[in-house]
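Asker: with the sequence up front, the predicted model follows.
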Amino acid sequence: MSQTTQTQSLTLVQAVRDGLYGEMERDEDVLVMGEDVGENGGVFRATQGLIEEFGGDRVIDTPLAESGIVGTAIGMAAYGLRPVAEIQFLGFMYPAFDQMVSHAARLRTRSRGAYTAPMVVRAPYGGGIRAPEHHSESTEAFFAHQPGLKVVIPSTPHDTKGLLASAIRDPDPVVFLEPKLIYRAFREDVPEDTYTVPLGEAAVRREGSDVSVFTWGAMTRPTIEAAEELTEEGIDAEVIDLRTLSPLDEETIVESFKKTGRAVVVHEAPKSGGLAGEITTTIQEEVLLYQEAPVKRVTGFDVPFPLYALEDYYLPEAARIKDGIRETVEF
Amino acid sequence: MSVLQRDPTDRVEILDEDGHVREGAEVPEIGDDRLVEMYRHLRLARHFDERAVSLQRQGRMGTYPPLSGQEAAQVGSSFAMDEQDWLVPSYREHAAMHAHGWPLEQILLYWMGAEDGNVPPAETNTFSVAVPIATQIPHAAGLAWAMKLKGDDGAVVCHFGDGGTSEGDFHEGLNFAGAFDVPAVFFCNNNQWAISVPRDRQTASETLAQKAQAYGFDGVQVDGMDPLAVYSVTEEALDRAKTGGEPDEIGTATRPTMIEAVQYRFGAHTTADDPTVYREESEVERWKQKDPIPRFETFLRERGLLDDERVEAIGQAIQDEVAETIEAAEQHPQPEPAEMFASVYEDMPDRLEQQLAYLEELRDSHGDDTLTEE
């Protein structure tokens, strides 16, 4: 029998901080670097107090230069450190895009494994907090499209700490995107000790038999809400939080679909070229003969993320998700 | 005598901390009315800023980047520009934009989350706000390059911060400007802090101004809290941008200049951060000794251009103007959801039309309150 595990009640952003703390304590090669991560403790307080615990050589305020942050992290990782780079918002990742896709993603393959880049690039992503321009994007598909990168998006405090630990210990570069809309939305009991939640494994958040609804990150909560409300209409939806977008957990997607024969994908990124397309095609390729209805996408629109006066019209919410599920079930 | 061709550490200063003209300093030639108008803009910027922060605190506006302390750099530089010159701001240059013709109401609308705030008013050569850091610098070099290629008279003033000089786009923009010898003034608002990261963590360079030398043109430091000094260096840099000749040797350009306006942000980076976490109050107090507004007021009083009565009248007029601006911005119609789709392309693709129709169906079937509830 396992020992009683001590837990603490944490928000998602506190779980990021706790996960960083645990990994830094466990492995002295782990370091945190980025803009305002030191004295300021990160613009969302995800690194609060770490500089007092671990000092300025392991909690590093860098110049304002995303390409420099990610590029030097690659060098550090190749040399044997385990850098966790913070990019302040996903919308500011793009100066580092070249370093991410041309180098972090390819170093292992180019050197046939002689050099590797075991590093994490963390960034808050997504809308719904009335943020300024370029602070609300959800462009995970850019990174999931790049072979060599792993892409992880947690949706609960418990998963956040465990997935972050896995990402830091992973031998390959991981883009770790944090749903800032729910950074402080709710608390969950999180073990005080370090633990891992494996990458590449989806979580079934609600079991159901009529339709499979695939989602991740900040969209998980309105999707569960929609599923719960639909029980009143006699619809029993299964909700699957993918958690890792690259590599996709094909087995869980396929097994759920075999059971329900119907699927909806919910993401806040724009529809065209979004990961709903990849998930839908996977279903088509693997389990076509189980299919009873077209796969429905409930997503953001194919427009640049609007300034905040219109963001609530852009983002999918429970009513839209319910429409999509209902349409799929009633097909 | 040129105020540009000097060592980058030799800061251009005209007013001392008390607002008296420094010994040997040359006051730029600016008409009396224009000087008073500059003062009015400084006061307007400060009051606007205080009201904007208060609007954010009351939940009437989203995150806002305050400018208090930085009025002289913004107003002084924009006052040195001609109408045909282009202003390329980052995101804190509300006063510079306004002095170059951008209505304050639109600045409020932008920070209130409405794209209408980003629409340039007719005949104002001001680029829209750039929130990503330093990305506007190559745009400025390109605008200036196009002016040169088309044989037009203007020049470009491009604003960015001390943190922005660490980005790759800073290097690429200034390098192109030097290589193609374009009429651009790169105006660095060194306010000492990039959110919580101090200037000395950005670079081991002694000054930011000296970086220009590597691109083949002059960089000059100026007291960015002295509107006259800022005006003076910007005016000369613009004149040089427009009249520069052919470079006479490799490694020189005749038109671009970088100005490092040394100043201080009195408040937070934005309303989302708390500067007491990362800097000492005594440092803020020290820089407040250089507050541009009382200094410039003293200068104008000594010239006989201001007295208590005029100062009071300007203060009252500014309060009324800002109050009216806020009222107008808050009464501005909320944007229609369809606007998200309208300007993505010149011609809306079919798929986008379908999505727009779907959104309108959603509004009909669920109502706006359901779609927009938190």
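Answerer: Alright, I've got the coordinates. This one's a predicted model, so the numbers in the text were calculated from it and none came from an experiment. Numbers count the residues shown, from 1 in each chain, chains lettered A, B, ... in the order given.
Asker: tally of neighbours for residue B:332?
Answerer: If you count neighbours by other Cβ atoms under 10 Å in any protein chain shown, residue B:332 ends up with 16. C-beta coordinates here come from the backbone N, C-alpha and C atoms, glycine included.
Asker: try the one 4 residues further on
Answerer: Residues lying near residue B:336 (other Cβ under 10 Å) number 11.
Asker: tell me the SS of it?
Answerer: For residue B:336, the assignment made with DSSP: H, G, I helix; E, B strand; the rest coil gives coil.
Asker: can you check residue B:261 too?
Answerer: strand.
Asker: show the pLDDT at it.
Answerer: pLDDT for residue B:261: 98.
Asker: quick one: contacts for it?
Answerer: If you count contacts by Cβ atoms under 8 Å, 6 or more residues apart in numbering or on different chains, residue B:261 has them with B:73, B:77, B:187, B:188, B:189, B:190, B:222, B:223, B:224, B:230.
Asker: is it in a bridge, and if so with what?
Answerer: Taking DSSP bridges, one obtains residue B:189, residue B:222 as the residues bridged to residue B:261.
Asker: show me the shaky parts of the chain.
Answerer: Chain wasn't specified; assuming chain A. Scanning chain A for pLDDT under 70 picks out the ranges A:1-3.
Asker: actually, chain B is the one I wanted.
Answerer: Applying pLDDT under 70 to chain B picks out residues B:1, B:374.
Asker: tell me the phi and psi of residue A:246?
Answerer: As for residue A:246, its main-chain torsions (degrees, to the nearest 10) stand at phi -150, psi 120.
Asker: picking that back up, give the PyMOL command for selecting the buried subset of the contacts of residue B:261.
Answerer: Buried residues among the contacts of residue B:261 (16 or more other Cβ atoms under 10 Å in any protein chain shown), as a PyMOL selection:
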select buried, chain B and resi 73+77+187+188+189+190+222+223+224+230
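Asker: nearest to residue B:318 among the contacts of residue B:261?
Answerer: Using Cβ to Cβ, residue B:73 comes nearest to residue B:318 of those, at 19.3 Å.
Asker: pretty sure that closest one is touching residue B:188, no?
Answerer: No - using Cβ atoms under 8 Å, residue B:73 is not in contact with residue B:188, being 9.4 Å away.
Asker: give me the longest helix you can find in chain B.
Answerer: In chain B, assigned by DSSP state H, the helix with the most residues is helix B:32-57.
Asker: would you list the contacts of residue B:261 in a markdown table and tack on distance to residue B:89?
Answerer: A markdown table is the format used below for the contacts of residue B:261 (distance: Cβ to Cβ, whole Å):
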| residue | distance to residue B:89 |
| --- | --- |
| B:73 | 12 |
| B:77 | 11 |
| B:187 | 10 |
| B:188 | 13 |
| B:189 | 10 |
| B:190 | 16 |
| B:222 | 18 |
| B:223 | 21 |
| B:224 | 15 |
| B:230 | 15 |
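Asker: looking at the contacts of residue B:261, which is nearest residue A:100?
Answerer: residue B:188 (28.3 Å).
Asker: show me where the chain has its strands.
Answerer: Going with chain A. Secondary structure of chain A (DSSP state E): strands at A:7-10, A:30-34, A:59-61, A:82-86, A:120-125, A:150-152, A:174-179, A:188-191, A:203-206, A:211-215, A:237-241, A:244-246, A:263-270, A:296-300.
Asker: I was after chain B.
Answerer: All strands of chain B, identified by DSSP E, fall at B:86-88, B:156-161, B:184-190, B:193-194, B:197-198, B:218-223, B:257-262.
Asker: take those strands and lay them out in TSV including distance to residue A:247.
Answerer: Formatted as TSV, those follow (distance: least, Cβ to Cβ, whole Å):
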stretch	distance to residue A:247
strand B:86-88	43
strand B:156-161	40
strand B:184-190	44
strand B:193-194	37
strand B:197-198	36
strand B:218-223	49
strand B:257-262	47
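Asker: nearest to residue B:11, of these?
Answerer: The nearest among those, by Cβ to Cβ, is strand B:218-223 at 4.3 Å.
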